[in-house]
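Trainee: Fold the following and give me the result.
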Amino acid sequence: MIGMLLVLLLLLCFTSFSTVNCVAQPTVRKLASASSITISKIETSEDAYSAAKLSIDVFFKENLPLLNDGSIFSKIQEPFRLKARETMIKTLFSRHLAELNARLGRPNCLILKAVDDESGKIVGFCEMFMSPCLVDAKCGVEECLVAGTELIEGAAVDSAAFDVNENYQDAKILGIATTKEMATEAANNILYYPKIANLAVSPDIRRQGLGSRLLEECLTTARQWKYPAVVLQVEQPNTRAKEFYLSQHFDLVNMDTTTKAWDVSQWELRLVPTPKYFMKKDLSGK
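Mentor: Model (predicted):
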């Protein structure tokens with residue numbers, strides 16, 4: 001009897017130990033077919049809300065550093081830092097949603113959603129809008145003048161009616177000239193390209209071709225707009241994104257070391273220096 005009790009006790013201990021040390025693996029739901037995801041334009045504020053949430057989750061909530069390193073000090077700080085991080089995420093979400101709503105229905109603006117036909121949820125998102133690029137007259141190298149998805153504060157650039165030969169104000173707004181003469185000269189070196197931004201796919205259906213489908217929709221639309229190329233920017237630390245775009249035949253034009261990106265890892269939302277690759281894909285004849 002005592003021997004049986006000892007055996008039962010050992011089995012119970014082993015089971016408890018195994019349960020504690022097992023880590024639940026995320027469930028990756030394989031798509032039955034490509035047709036189970038439908039890609040279409042976002043045309044309502046409701047869809048813009050869901051798309052903005054997905055985008056912020058992918059770019060800011062994934063892979064955040066742990067707040068608790070096991071020390072007493074970090075344990076005390078953890079609830080306060082969680083609250084601060086939540087506030088920062090909400091701020092970025094509000095900004096992004098306002099941007100999307102401002103672009104709804106505008107000419108030469110494309111906002112795409114990928115919807116899971118089974119659940120009805122938005123599982124993919126991408127946008128494309130017009131962005132100014134400065135061409136260096138000496139070497140022909142182009143540089144994207146707008147970081148991220150936001151126009152410089154105070155800029156009122158109407159890309160649908162942009163004319164580099166007449167609207168010298170755009171050059172002045174973008175900070176590359178301070179006088180009318182300088183701005184007029186700079187404006188002649190500004191080209192507008194469709195810029196792809198914020199391509200995001202829900203983690204549970206990645207590596208199944210959805211990102212490529214969203215990208216191809218953007219390229220098809222850019223061709224319909226009769227533009228010879230599309231551009232995009234990738235933050236230097238995001239090597240996975242850079243390799244993806246290289247695999248999609250984008251060229252790495254240069255790196256802008258003056259750009260910044262939002263950071264939510266500290267107590268306050270801040271813009272920190274973040275070099276970004278400027279990439280371009282030629283659409284002529286393709």
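Trainee: Low-confidence stretches in the stretch 51-200 of the chain?
Mentor: Residue ranges of the stretch 51-200 of the chain with pLDDT under 70: 67-68, 134-189.
Trainee: at 90 instead, please
Mentor: Filtered on pLDDT under 90, the stretch 51-200 of the chain yields the residue ranges 61-82, 105-108, 130-193.
Trainee: ranges for the helices of it?
Mentor: Along the stretch 51-200 of the chain, counting by DSSP state H, counting those that start in this stretch, helices occupy 72-103, 169-173, 180-187.
Trainee: most packed of those helices?
Mentor: helix 169-173 (a mean of 21; mean count of other C-beta atoms under 10 Å). All C-beta spots, glycine's among them, are computed from the backbone N, C-alpha and C.
Trainee: Distance to residue 248 added to the helices of the stretch 51-200 of the chain, as JSON lines?
Mentor: Converted to JSON lines, these look like this (distance: least, C-beta to C-beta, whole Å):
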{"stretch": "helix 72-103", "distance to residue 248": "23"}
{"stretch": "helix 169-173", "distance to residue 248": "30"}
{"stretch": "helix 180-187", "distance to residue 248": "31"}
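Trainee: mind checking which of those is nearest residue 196?
Mentor: Smallest distance to residue 196 across these (C-beta to C-beta): 13.6 Å, for helix 72-103.
Trainee: What is that closest one packed up against?
Mentor: Helix 72-103 sits against helix 45-56, strand 109-116, strand 122-135, with contacts defined as 3 or more C-beta pairs under 8 Å, 6 or more residues apart in numbering; DSSP states H and E.
Trainee: Go through those and pick out the most buried.
Mentor: Buried most deeply of the helices and strands packed on helix 72-103, by mean count of other C-beta under 10 Å, is strand 122-135, with a mean of 23.
Trainee: Go through the helices of the stretch 51-200 of the chain and name the closest to residue 206.
Mentor: Residue 206 lies closest, by C-beta to C-beta, to one member of the helices of the stretch 51-200 of the chain: helix 72-103, at 20.7 Å.
Trainee: Would you mind getting the angle between the closest one and helix 45-56?
Mentor: Orientation note: helix 72-103 sits at an angle of 140 degrees relative to helix 45-56 (axes from the mean of the first three to the mean of the last three C-alpha atoms, to 10 degrees).
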